[in-house]
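*Asks:* no sequence on hand, only this structure:
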């Protein structure tokens, strides 16, 4: 049965300090607290659009780099950026979609997206507003929002995992992330919102609302018990290298391939212990919006994120991780062992 999406009872940060460690939750500014509430609400609304709108199956085509885009991608981005404009209109934005691609699809598709956005935000909107929200990129400064309205569009189309991803980068570091994962089962809930950051802790709640629960990475240090995640799409990684790492490190808990930044949520929740994303070609650089939200969430849960050379991810070089080779995400104890294996493999 599809999840339902009631309105949140409050835009405030609902941390239940009776079920988490207060020492791990540092005070946040009132602005960030407000932003977190608004983003959680916006991600819920974008997820509702993706789940309930028939637009995703009515229209899709291949854009740059042969990646698919659906009407739901455009609608979800409009919903997310509408929320940001309301509270931080001058913050910079890196976002995957642009309205020119939507317009190119034709007037009927634009009208369908406008209708879907109106339903998601529960108010009248115009196509001009929707196109403007999609293209909003804010200003400059040290705060950048990284938006992937549907991370894992191929997963959405085939009925597998996908995520609505919003990350906040301050001074080059991901400080907050939110992932709406309508098809992910976590902590006994099907369809979850995972959010947090390195100064906040990491939490999960149902996309339908309810209790907020803390998440922490696993404590697994024995490679024989470790579970590793990889990407479904061969173009997003190097399965042969992943297999060599599994063999060299002695990872015995299994290797699972799933779509999207749902992999970051799985590591943050202790469902998996490692996520390895090699580069599939020398000239490829990862997109910032494919990792900012997930990196903040795993860091908030106590995990570790580097590239395959052990370097921190550099989020300061535009919309790509220009200075990094691949991505390695872990629970912490297994990280250096995997880095050594990667160095030995070369």
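*Replies:* Sure, I can see it. Remember, predicted model here, so these are calculated numbers, not experimental data. Residues are numbered from 1 along each chain as shown.

*Asks:* which strands or helices does the host helix or strand of residue 75 pack on?
*Replies:* Residue 75 belongs to helix 71-87 when assigned by DSSP states H and E. Where contact means 3 or more Cβ pairs under 8 Å, 6 or more residues apart in numbering; DSSP states H and E, helix 71-87 is packed against helix 30-52, helix 55-58, strand 92-95, helix 99-105, helix 107-121, helix 127-135, strand 143-151, strand 163-170. From N, CA and C alone the C-beta is placed, and that goes for glycine too.

*Asks:* tell me the gap between the last one and the middle of its chain.
*Replies:* Translated: strand 163-170. Computed by Cα atoms, centre = their mean, to the nearest Å, the chain-centroid distance of strand 163-170 equals 6 Å.

*Asks:* elements contacting that strand?
*Replies:* helix 30-52, helix 71-87, strand 143-151, strand 173-186, helix 292-300.

*Asks:* next, the angle from the third one to helix 71-87.
*Replies:* Note on geometry: by axes from the mean of the first three to the mean of the last three Cα atoms, to 10 degrees, strand 143-151 and helix 71-87 are set 160 degrees apart in direction.

*Asks:* what's the average pLDDT for the next helix or strand after strand 143-151?
*Replies:* For strand 143-151, the following helix or strand on the C-terminal side (DSSP H and E) is helix 153-158. Throughout helix 153-158, pLDDT has a mean value of 89.

*Asks:* in the stretch 201-346 of the chain, which spans are helices?
*Replies:* Ranges of helices in the stretch 201-346 of the chain, per DSSP state H, counting those that start in this stretch, are 239-249, 262-268, 292-300, 335-345.

*Asks:* of the ones you listed, which is nearest residue 175?
*Replies:* helix 292-300 (6.2 Å; Cβ to Cβ).

*Asks:* between that closest one and helix 30-52, how many degrees?
*Replies:* Counting by the same axes, to 10 degrees, helix 292-300 lies at 120 degrees to helix 30-52.

*Asks:* residues in contact with helix 292-300?
*Replies:* 146, 148, 165-169, 174-179, 194-202, 217, 261, 263-265, 267-268, 304-305, 313, 315, 329 (Cβ atoms under 8 Å, 6 or more residues apart in numbering).

*Asks:* follow-up on the earlier one: let me know which of the helices and strands packed on strand 163-170 is tucked in deepest.
*Replies:* Most buried of these by mean neighbour count (mean count of other Cβ atoms under 10 Å) is helix 292-300; its value is a mean of 31.

*Asks:* how far out from the middle of the chain is that helix?
*Replies:* On Cα atoms, centre = their mean, the centre of helix 292-300 falls 8 Å from that of its chain.

*Asks:* same check on stretch 201-212?
*Replies:* 15 Å.

*Asks:* for the record, mean pLDDT for it?
*Replies:* Taken as a whole, stretch 201-212 has an average pLDDT of 95.

*Asks:* ok, back up a step: of all the helices of the stretch 201-346 of the chain, which lies closest to residue 42?
*Replies:* helix 292-300 (12.8 Å).

*Asks:* related to what we said a few turns ago, got the helices and strands packed on strand 163-170 as a markdown table, with distance to residue 94 columns?
*Replies:* Output for the helices and strands packed on strand 163-170, formatted as a markdown table (distance: least, Cβ to Cβ, whole Å):
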| stretch | distance to residue 94 |
| --- | --- |
| helix 30-52 | 15 |
| helix 71-87 | 11 |
| strand 143-151 | 5 |
| strand 173-186 | 12 |
| helix 292-300 | 8 |
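
*Asks:* out of these, flag the one nearest residue 256.
*Replies:* Closest approach to residue 256 among these is made by strand 173-186 (12.6 Å; Cβ to Cβ).
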